[in-house]
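Peer 1: based on what follows, work out the 3D shape:
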Amino acid sequence: MLERRLTTPSHARRRCRAESIARVYDDSIERADVQRFKDAGGFNNDWELTDAAALFVLARREGLATDLDAFTDRIARRRRERDAVGAADGLDAAEAVIEAALDEGAVERVREAWDPERLRDVFQQLYLGAERYADIEGGEPDLDAEGFIHDEPILLDEATLDALADSPLGVVTGRPAAEADIAQRRAGLDVPENRRFTMDDWEEGKPHPRALVTLADRFDADAVVFAGDTLDDVRTAVNADEADSDTDYYGVGVLTGGLTGDEGRRKFEEAGADAVVESVNDLPELVE
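Peer 2: Residues are numbered from 1 along each chain as shown. All right, here's what the predicted structure looks like:
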């Protein structure tokens, strides 16, 4: 099974997250800093991660005496303290960190300025472009954007699809269904709706194991290989293996996103990855 990495959206979506905040607040984080939120975990989709990063930017205006490394470390610590490693609760943890770090008046000003709805709207326009935004979101765009989605190269080779033809293939993604459809079409992949979970199909989000366990049951699988390029993808497989004693789950980290090189490999292994590969096209060798 795969996470959403049929295309490689990392650079396009990193740019989208950072630029959305900049468009709304005339300030932002660096694109490379997005990975710190991903590593903290619990952000099942781009909108929640963007919301959390915007909270940091707004809190910094109010005198937050914490750099981004410490802020995201505290998010991860909050999640561990709540024993919530199986929940997509990164945004809740970010809010709690802000509330603990600022006085009541500053927190109120941050919340008054914080506008998740506008952030989401700007993100979608920048990512989809005006035409696709109108089609998918059903609204009139107010930004002149071509769409970063066009900058996403295809990751999955045709030879890889052929090699995996005899293996049941499913998808678990934090993307909305409409965007997952676009990614599948561009990759030449046809995954039926009953073999995938998108943002629209479940509330918990990764790294909660429910979607992966449900797909394993639908496949009547004795073993599942789940590949993705974030730590939460690997954590999802680890949590599924703990939750479902009837199936063996193997988490595979893919070094095509924000995690790369020896450092990325180390982080994946610490998260519990059974294997780490350079590309999703290395999967057939593992599945054999």
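Peer 1: how close does the residue in the chain sticking out farthest from the centre get to residue 62?
Peer 2: Computed with Cα atoms, centre = their mean, the residue of the chain farthest from its C-alpha average is residue 105, at 32.2 Å. Computed as Cβ to Cβ, to the nearest Å, the residue 105 to residue 62 distance reads 9 Å. Using the backbone N, CA and C atoms, a C-beta is placed for each residue, glycine as well.
Peer 1: how is this protein divided into domains?
Peer 2: As given by automatic domain parsing, the domain ranges for the chain are 10-119, 153-287.
Peer 1: buried residues in the host helix or strand of the residue farthest from the centre of the chain?
Peer 2: Assigned by DSSP states H and E, residue 105 falls within helix 104-113. Residues 106, 107, 110, 113 are the ones in helix 104-113 that count as buried (16 or more other Cβ atoms under 10 Å).
Peer 1: out of the residues you listed, who's nearest residue 56?
Peer 2: Nearest to residue 56 out of these is residue 110 (Cβ to Cβ; 9.8 Å).
Peer 1: isn't there a helix covering residue 166?
Peer 2: No: counting by DSSP: H, G, I helix; E, B strand; the rest coil, residue 166 falls outside a helix, being coil.
Peer 1: pLDDT-wise, which helix or strand of the protein ranks last?
Peer 2: Least confident helix or strand of the chain, by mean pLDDT, DSSP states H and E, is helix 177-187 with a mean of 85.
Peer 1: so how far is that one from its chain's centroid?
Peer 2: Relative to the centre of its chain, helix 177-187 is centred 16 Å away, using Cα atoms, centre = their mean, to the nearest Å.
Peer 1: and that helix, which residues are buried?
Peer 2: Buried residues in helix 177-187, counted by 16+ other Cβ under 10 Å: 177, 179, 180, 181, 182, 183, 184, 187.
Peer 1: so can I have JSON lines of the residues you listed showing distance to residue 243?
Peer 2: Listed next are those as JSON lines, based on distance: Cβ to Cβ, whole Å:
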{"residue": "177", "distance to residue 243": "25"}
{"residue": "179", "distance to residue 243": "27"}
{"residue": "180", "distance to residue 243": "24"}
{"residue": "181", "distance to residue 243": "29"}
{"residue": "182", "distance to residue 243": "31"}
{"residue": "183", "distance to residue 243": "27"}
{"residue": "184", "distance to residue 243": "27"}
{"residue": "187", "distance to residue 243": "29"}
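Peer 1: of those residues, closest to residue 127?
Peer 2: Nearest to residue 127 among the buried residues of helix 177-187, counting by Cβ to Cβ, is residue 179 at 8.3 Å.
Peer 1: and residue 19, helix, strand or coil?
Peer 2: Secondary structure, three-state DSSP: residue 19 is helix.
Peer 1: check it and give its pLDDT.
Peer 2: At residue 19, the predicted lDDT confidence score is 96.
Peer 1: leaving out chain neighbours, which residue sits closest to it?
Peer 2: Closest residue in space to residue 19, ignoring its immediate chain neighbours: residue 126 at 5.9 Å, by Cβ to Cβ, 6 or more residues apart in numbering.
Peer 1: distance from the chain centre to the helix or strand hosting residue 92, please.
Peer 2: Here residue 92, judged by DSSP H and E, is contained in helix 90-101. Counting by Cα atoms, centre = their mean, helix 90-101 is centred 19 Å from the centre of its parent chain.
Peer 1: who touches it?
Peer 2: Helix 90-101 is contacted by residues 37, 40-44, 48-49, 51-52, 55-56, 59, 64-66, 71, 74-76, 78-79, 82, 84, 107, 110 when judged by Cβ atoms under 8 Å, 6 or more residues apart in numbering.
Peer 1: what pLDDT, on average, does that helix get?
Peer 2: For helix 90-101, mean pLDDT is 95.
Peer 1: got the angle for that helix vs helix 104-113?
Peer 2: In terms of direction (axes from the mean of the first three to the mean of the last three Cα atoms, to 10 degrees), helix 90-101 departs from helix 104-113 by 150 degrees.
Peer 1: can you name every helix or strand that the helix holding residue 105 contacts?
Peer 2: helix 46-61, helix 90-101 (3 or more Cβ pairs under 8 Å, 6 or more residues apart in numbering; DSSP states H and E).
Peer 1: just the buried residues of the first one, please?
Peer 2: Of all the residues in helix 46-61, those buried under the rule 16+ other Cβ under 10 Å are 46-60.
Peer 1: pLDDT below threshold where in this structure?
Peer 2: Low-confidence regions of the chain, defined by pLDDT under 70, span residues 1-11, 83-88, 288.
Peer 1: check which residues of the longest helix anywhere in the chain are buried.
Peer 2: For the chain, the helix with the greatest residue count under DSSP state H is helix 116-137. By 16+ other Cβ under 10 Å, the buried positions in helix 116-137 come out as 119-130, 132-133, 136-137.
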